[in-house]
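[1] could you look at this predicted model? Sequence included:
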Amino acid sequence: MRLRQKLALLIVLAFAGLAAPSAVTPVSAQEATAEMPPMPRPRPDPAMLPPSTTPPVAGTDTPATDAINSVTSAPQPVSLTARITPEGAPIPDGLVWRIFDTTPDASGELALVAKSDEGAAKIELPPGEYVVHVAYGRAQISETMSVVPGANEKSFVLEAGALRLNSAVTGDVPIPPSLLRFDIFTGGDEANRTMIAEGLLANDIITLNAGTYHIISHFGDINAVVRADLRVEPGQLTDATLYHHAAQVSFKLVSEEGGEAIADVEWTVKTSDGATVFTNLGAFPSTVLAEGDYLVLAKQGEQVFNREFQVQAGSPREIEVLTSVY
């Protein structure tokens, strides 16, 4: 009996040994982490958060961005001055300032954002890039300018000079100022010239950027024209007198030499090649003609009288047409 109990006990112990787990090798926390990456933290549902903790939506201004925008968009003080030459004093008046945005509008033009007629312009502009145009007479310049937070100052150098024009008849015969006018063009080839000023009067002073200009002097309104190329130097006044080979001419129809002018006469003046250069109705018309040969026709009623004459540079002269010559 005892022997059976001992055998039964040994069998039970043998089965227990087979079912017992094998030794477990401990794993460190570092090795466990390497084998299994951490799970992402769950993101809170915005609807479940109280209003004060709702995360900001991307692109929405916050108090910080509002403050930054306020600083970067608020108009900043800008001071502008201009000089004739780099060493010259600031121009006190006579300036016209125009400030344009650098981004073209829908029509392709730069939008005008500010204007000033002060010598030293003081304006306010939001930070950004601008094109500044300043004009002093016909002298002008355009430059870009960056406006930043704080005080902004910029000085422009026009490199300008002045031009004063007059004309006379060859031989220093003065010309009445009322019969003179001048046109100014840029220099260079005729096909590429641009008009700068038109119809200037004698002795007018015009301010121009330094450079060479093409000048046309008109004596009267017909064909007395003189051209010249003139150089304008920075900071200097250039005086120029152009000389015409022409003369003032007046006409009258008379029955005898030195007689009284006959009224109601139709006048026509032609060049030697037949081109009509002057017409008028009256008793004593006058005009200005360049040197050359001409034919004058005087029509009174159904009768036409004529005379050939020659114009030479000099003082005004009178041309009589006699009714005795047909």
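    Good, I have the coordinates. Remember, it's a predicted structure, so these values are computed and weren't measured experimentally.
[2] run through the chain and note the low-pLDDT ranges.
    Per-residue confidence for the chain (pLDDT under 70) gives these ranges: 1-72, 325-326.
[3] now the strands for the stretch 201-326 of the chain?
    Secondary structure of the stretch 201-326 of the chain (DSSP state E, counting those that start in this stretch): strands at 205-209, 211-219, 224-232, 237-244, 246-254, 265-271, 276-282, 286-290, 292-300, 303-311, 317-322.
[4] reformat these as TSV; add mean neighbour count.
    From N, CA and C alone the C-beta is placed, and that goes for glycine too. Listed next are the strands of the stretch 201-326 of the chain as TSV, based on neighbours: other Cβ atoms under 10 Å:
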stretch	mean neighbour count
strand 205-209	19
strand 211-219	20
strand 224-232	17
strand 237-244	16
strand 246-254	22
strand 265-271	18
strand 276-282	14
strand 286-290	20
strand 292-300	17
strand 303-311	14
strand 317-322	16
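[5] Val134: which of those strands is closest?
    Nearest to Val134 among these is strand 205-209 (11.6 Å), distances taken as Cβ to Cβ.
[6] that closest one pairs with which strands, parallel or anti?
    Strand 205-209 has its sheet partners listed here by DSSP bridges as strand 160-169 (antiparallel).
[7] residues making contact with the helix or strand just after the partner strand?
    Later in the chain than strand 160-169, the nearest helix or strand by DSSP states H and E is strand 173-174. Contacts of strand 173-174 from elsewhere in the structure, counted by Cβ atoms under 8 Å, 6 or more residues apart in numbering, are Ala168, Ala313, Gly314, Ser315.
[8] relative to Glu308, how far out is the last one?
    What it means is Ser315. 21 Å (Cβ to Cβ, to the nearest Å).
[9] also the third one?
    Gly314 sits 19 Å away from Glu308, taking Cβ to Cβ as the criterion.
[10] repeat that for Phe284.
    Counting by Cβ to Cβ - Phe284 and Glu308 are separated by 20 Å.
[11] contact partners for Ser73?
    So Ser73 contacts Pro126, Pro127 (Cβ under 8 Å, 6+ apart).
[12] so it versus Gly128, what's the distance?
    9 Å.
[13] spit out the contact partners of Val296.
    Val296 neighbours (Cβ under 8 Å, 6+ apart): Phe251, Trp267, Thr268, Val269, Lys270, Asn306, Arg307, Glu308, Phe309, Ile319, Val321.
[14] ok, now which ones touch the fifth one?
    Applying Cβ under 8 Å, 6+ apart, one finds that Lys270 lies in contact with Thr276, Val277, Tyr294, Leu295, Val296, Leu297.
[15] export the residues you listed to a markdown table and append columns for distance to Thr85.
    Output for the contacts of Lys270, formatted as a markdown table (distance: Cβ to Cβ, whole Å):
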| residue | distance to Thr85 |
| --- | --- |
| Thr276 | 51 |
| Val277 | 46 |
| Tyr294 | 50 |
| Leu295 | 55 |
| Val296 | 54 |
| Leu297 | 57 |
